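# this one's structure only:
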């Protein structure tokens, strides 16, 4: 799989730009602020319908306009498809495949698969648990696009349930006479358990598949490391009814969620938020006996973040086509040895897109096509 052409209209800093791309390695070279990251961000957006840099779509639309368009020609098994997304902040986005509208834009997810490395990846190991949950869910959805609907349903249930908990908590404290929320809370508990169990089962399975790949990747990128150094584990907000080596049972997980919700009902009503479910879980990352967060050096943290992305790439690659690899300004953050190791590991991918401030930041193993990016122009050298 590779992107053969990219067209942007009112996306970030670009009024209009057309970029023809080849398989293999392509580097976009330019000073900071010239728009090189905007190009690879657009390709990643087509894959996930989300940006790796911002949480909402509004910053993706050029200032002074109300809509951006990202259009890509994607080649897979020698067949080409035209994918297009209209980004409409405050309104529903629209997606088309070969000019045919899709009922929902999220049906575009999975048509292109990307794995993106960026300086922001340090948040995977140093950031909040929500960053690691997002990492898992984004990877899940790339592998199994229907899970985008499951996650959206879970988020919707969570919002509704939190609203009910606030209302019911107020009623419980006597500040309002409304008891209707309590009578309907049980229905939303069931919805939470059903959607939460499906999301949780998928995460647990994913972590089991990722674990050995992360160890292998860490050994490859960290000098002197062994594959047993880097480990990971899923930590739930309640005791899981999962036997080691057995596939997660969704029915058992749903029952456990309901039981824990019942046990913590008083706490939830007092605080007005849902305290049980996948939204409270954590992915723990360890180097030897110590957690990466708070104990690992800067270099070790970078190596672990790279290992997570490389493991993601290996997992997606094993399930089908090579994902498109995007290396966004990462080489400037790495020492010479880590640069070399990373470059050698990804050089054989079907398509690698690199951004860098200067040509010297791109390792020799990733020599390929080069574009200079400056003053809104993208020029092939």
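In hand now; what should we look at? Just so you know, these numbers come straight off a predicted model, no measurement behind them.
# From here on, just use CA atoms for contacts and neighbour counts.
Noted.
# pLDDT on stretch 163-179, on average?
The pLDDT scores in stretch 163-179 average 69.
# With stretch 128-145 instead?
Taken as a whole, stretch 128-145 has an average pLDDT of 94.
# Mind listing residues that contact it?
47-48, 107, 109-110, 113, 123-125, 147-148, 202-203, 206, 279, 281-283, 312, 316, 319 (C-alpha atoms under 8 Å, 6 or more residues apart in numbering).
# buried sites along it?
For stretch 128-145, burial by neighbour count (16 or more other C-alpha atoms under 10 Å) applies to 129-133, 135-143, 145.
# Check stretch 351-364 too.
Along stretch 351-364, these residues count as buried under the neighbour rule (16+ other C-alpha under 10 Å): 351, 352, 353, 354, 355, 356, 357, 359, 361, 362, 363.
# go on, stretch 338-348?
If you call a residue buried by 16+ other C-alpha under 10 Å, then stretch 338-348 has these buried ones: 338, 339, 340, 341, 342, 343, 346, 347.
# Which secondary structure state does residue 202 sit in?
When the structure is reduced to helix, strand and coil (DSSP: H, G, I helix; E, B strand; the rest coil), residue 202 reads as helix.
# Residue 349 versus the nearest residue to it once chain neighbours are set aside, what's the distance?
For residue 202, ignoring the flanking residues on the chain, the nearest one in space by C-alpha to C-alpha, 6 or more residues apart in numbering is residue 140 at 7.3 Å. Note on residue 140: its distance to residue 349, by C-alpha to C-alpha, to the nearest Å, is 21 Å.
# what's the helix or strand of the chain with the lowest mean pLDDT packed up against?
Using mean pLDDT, DSSP states H and E, helix 336-346 stands out as the lowest-scoring helix or strand of the chain, at a mean of 86. Judged by 3 or more C-alpha pairs under 8 Å, 6 or more residues apart in numbering; DSSP states H and E, the packing partners of helix 336-346 are helix 180-221.
# contacts for the very next helix or strand once past the helix it packs on?
Heading C-terminal from helix 180-221, the first helix or strand you meet, by DSSP states H and E, is strand 230-235. The list of residues contacting strand 230-235 from outside it, by C-alpha under 8 Å, 6+ apart, reads 204, 207, 211, 214-215, 218, 281-288, 304.
# How about stretch 150-160?
For stretch 150-160, contacts defined as C-alpha under 8 Å, 6+ apart pick out 188, 191, 192, 195, 196, 198, 199, 274.
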